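Asks: Okay, predicted coordinates and the sequence, questions at the end:
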Amino acid sequence: MTVQSRTTTAAPLTIAAAVADRGRVVDHTFARNGEPAPPRLAWFVDGLARAMRARGYTEVGEPGPTVQVVLHALDADEPRPYRRKNAPTFVVALGYVPEPPTDLLRTGYPLLVQGLANLAVLVSDGPTGPIASFVTLEQGTYRVDHAGDDGQFFTAVLERVEPLATSRLVIANEFLPDLPEALWSGDDQTAQITRAGERLGALDLLPAAFPIEEILSERDLRHVKLLYGIGGLSYGNVSARRLPPTESAWGPEFWMSASGVDKANLREIGRDILLVRGYEPARNSIILSIPPEVKPNRVSVDAIEHWMIYREHPDVHAILHVHAWIKGTPATEINYPCGTVELATSVADLVRQAPDPTRAVVGQKNHGLTITGHSLDEIFARIDGHIVRAVPMD
């Protein structure tokens, strides 16, 4: 999907949450960081680097703000962060554990966030050969097993890493304190969002985020939240098109749940529920309208995905995203990170291919579901009795 900018004479933007310009990194560059002390980890880092060079990546001597990918070797017992200083570098945390973890998420997620990484890969020795176990920020888990050929193994590992490492995040929020007073208390659509959050809580479809507050310092927690939009409390989000339909200079307007709030208690406009005015490609930012004097929360990182769907399908009036599953759901082929143009485009493509895009159910690989509808109430009526919490991982 092509994203085009529009000329606008809107009021100046304020309270911008800035992120680094993707243009600062040099495409297809990578560097190593840290000392891979265990021999197996050193073997893995060397093999992955070799596969990246064969794929056309240039290895540079030192990591820095212009490097696209950093292979960050860490000590699994005392992991240290790689601090990218707001550069849009993709960091792969690499650690060694002697045996494949019985609980990969519990073992790998702390290493991922303590390393301030986008992706964690745990290398271990299995009964028939080395194993690479992956953990994503969205709690996706999967593994690649060595089948006897080093070249095939590292090619398979790189095929898992590369699409994530080259994707583009859209997590900048820019706020206009110009929400009309008549909307300061919400409208019928925000009331639907409140009810939807309550229903998600009642159905036990708001799994708690991994307790990163318990394993990160306050400084590093702020860093993770800024870079990746992780807010804690619960996963999932809901949105509803503003009715009657309105379109700003940045595209269709819609209400959406905020990041890092209790989704079962979505009530306050500007903090729990935000009005998305659209997307500004020139600044790679989501534009939001808030009441004056309100210190807003950031909108959900999936706002770019919802914006794409609302823009293409005028009859879609609501979207629900849950970390749950419905059997037989078509899914994206690659588990792109949340908040990236690539994930948004993949989901929008599946919605377009659905028999009825206004009532589509599509899957996000190793992650969950995006469901479109005529209203949030209508969506819940459709999925009642069909949805399960367990998301299939591969």
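Replies: All right, it came through fine.

Asks: Tell me the helix or strand right after the lowest-mean-pLDDT helix or strand in the chain.
Replies: Here the helix or strand of the chain ranked lowest by mean pLDDT, DSSP states H and E is strand 14-17, holding a mean of 33. Using DSSP states H and E, the helix or strand that directly follows strand 14-17 along the chain is strand 26-33.

Asks: now that next one: how far from the chain's centre is it?
Replies: 22 Å (CA atoms, centre = their mean, to the nearest Å).

Asks: same thing with stretch 361-381?
Replies: Offset of stretch 361-381 from its chain centre (CA atoms, centre = their mean): 17 Å.

Asks: can you give me the mean pLDDT across it?
Replies: Here stretch 361-381 scores 95 as its mean pLDDT.

Asks: First residue to last residue on that stretch, what's the distance there?
Replies: 13 Å (CA to CA, to the nearest Å).

Asks: Same question for stretch 94-110: list its buried residues.
Replies: Residues of stretch 94-110 classed as buried by neighbour count (16 or more other CB atoms under 10 Å): 94-97, 100-101, 104-105, 107-110. (Glycine included, C-beta is placed from N, CA and C.)

Asks: Then stretch 345-363?
Replies: 345-348, 350-351, 357-363.

Asks: mind showing which ranges of the stretch 51-200 of the chain have poor pLDDT?
Replies: For the stretch 51-200 of the chain, applying pLDDT under 70 flags the ranges 86.

Asks: Do you have the strands of it handy? List them.
Replies: Applying DSSP state E, counting those that start in this stretch to the stretch 51-200 of the chain gives strands spanning 58-59, 67-73, 90-96, 119-125, 130-136, 141-145, 172-176.

Asks: Pick the most buried one from those strands.
Replies: strand 90-96 (a mean of 26; mean count of other CB atoms under 10 Å).

Asks: circling back: from the buried residues of stretch 94-110, pick the one nearest Ile273.
Replies: Nearest to Ile273 among those is Tyr109, at 28.6 Å by CB to CB.

Asks: and the most centrally placed residue in the chain, what does it touch?
Replies: Closest to where the C-alpha atoms of the chain average out (CA atoms, centre = their mean) is Cys338, at 1.7 Å. Contacts for Cys338 (CB atoms under 8 Å, 6 or more residues apart in numbering) come out as 137-138, 229, 301-302, 367.

Asks: thinking again about what came up before, using TSV, please lay out the strands of the stretch 51-200 of the chain together with distance to Lys327.
Replies: Putting these into TSV (distance: least, CB to CB, whole Å) gives the following:
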stretch	distance to Lys327
strand 58-59	44
strand 67-73	36
strand 90-96	33
strand 119-125	28
strand 130-136	23
strand 141-145	19
strand 172-176	36
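
Asks: for the stretch 201-350 of the chain, which spans come out with low pLDDT?
Replies: Segments of the stretch 201-350 of the chain classed as low confidence (criterion: pLDDT under 70) are 207-213, 215-216, 223-234.

Asks: Please repeat the previous calculation with a cut-off of 50.
Replies: 233 (pLDDT under 50).

Asks: For it, which segments count as helices?
Replies: Here the stretch 201-350 of the chain has its helices, by DSSP state H, counting those that start in this stretch, at 218-228, 303-312, 341-353.

Asks: what angle sits between the longest one and helix 303-312?
Replies: Which is helix 341-353. 30 degrees (axes from the mean of the first three to the mean of the last three CA atoms, to 10 degrees).

Asks: Helix 341-353: how far from the chain's middle?
Replies: Centroid separation for helix 341-353 versus its chain: 14 Å, with CA atoms, centre = their mean.

Asks: by contact count, what packs against that helix?
Replies: helix 303-312, strand 361-364, strand 368-373 (3 or more CB pairs under 8 Å, 6 or more residues apart in numbering; DSSP states H and E).

Asks: between that helix and strand 368-373, how many degrees?
Replies: For helix 341-353 against strand 368-373, the angle by the same axes, to 10 degrees is 50 degrees.

Asks: Contacts for helix 341-353, please.
Replies: So helix 341-353 is in contact with 1, 3, 163, 167-168, 170, 302, 304-305, 307-309, 312-313, 316, 330-334, 336-337, 357, 360, 362-364, 370, 372, going by CB under 8 Å, 6+ apart.

Asks: Tell me the predicted confidence for Ala10.
Replies: For Ala10, pLDDT reads 36.

Asks: Can you tell me which of the buried residues of stretch 94-110 is nearest Leu320?
Replies: Looking at the buried residues of stretch 94-110 and their distance to Leu320, the nearest is Leu105, at 23.9 Å (CB to CB).

Asks: Any figure for the gap between that closest one and Glu138?
Replies: 11 Å (CB to CB, to the nearest Å).

Asks: returning to what we had before: can you say which of the contacts of helix 341-353 are buried?
Replies: 3, 163, 167, 170, 302, 304-305, 307-309, 313, 316, 331-332, 334, 336-337, 357, 360, 362-364, 370, 372.

Asks: Who is Ile273 paired with across the strands?
Replies: Ser257, Ile269 (DSSP bridges).

Asks: quick one: contacts for it?
Replies: 186, 190, 193-194, 255-258, 266-267.

Asks: is it possible to export these to TSV including distance to Phe380 and neighbour count?
Replies: Shown next, in TSV, are those (distance: CB to CB, whole Å; neighbours: other CB atoms under 10 Å):
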residue	distance to Phe380	neighbour count
Gly186	19	20
Thr190	16	24
Ile193	12	24
Thr194	13	20
Trp255	17	25
Met256	17	25
Ser257	15	29
Ala258	20	23
Leu266	15	26
Arg267	19	16
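
Asks: Having no further points to raise, I will conclude here.
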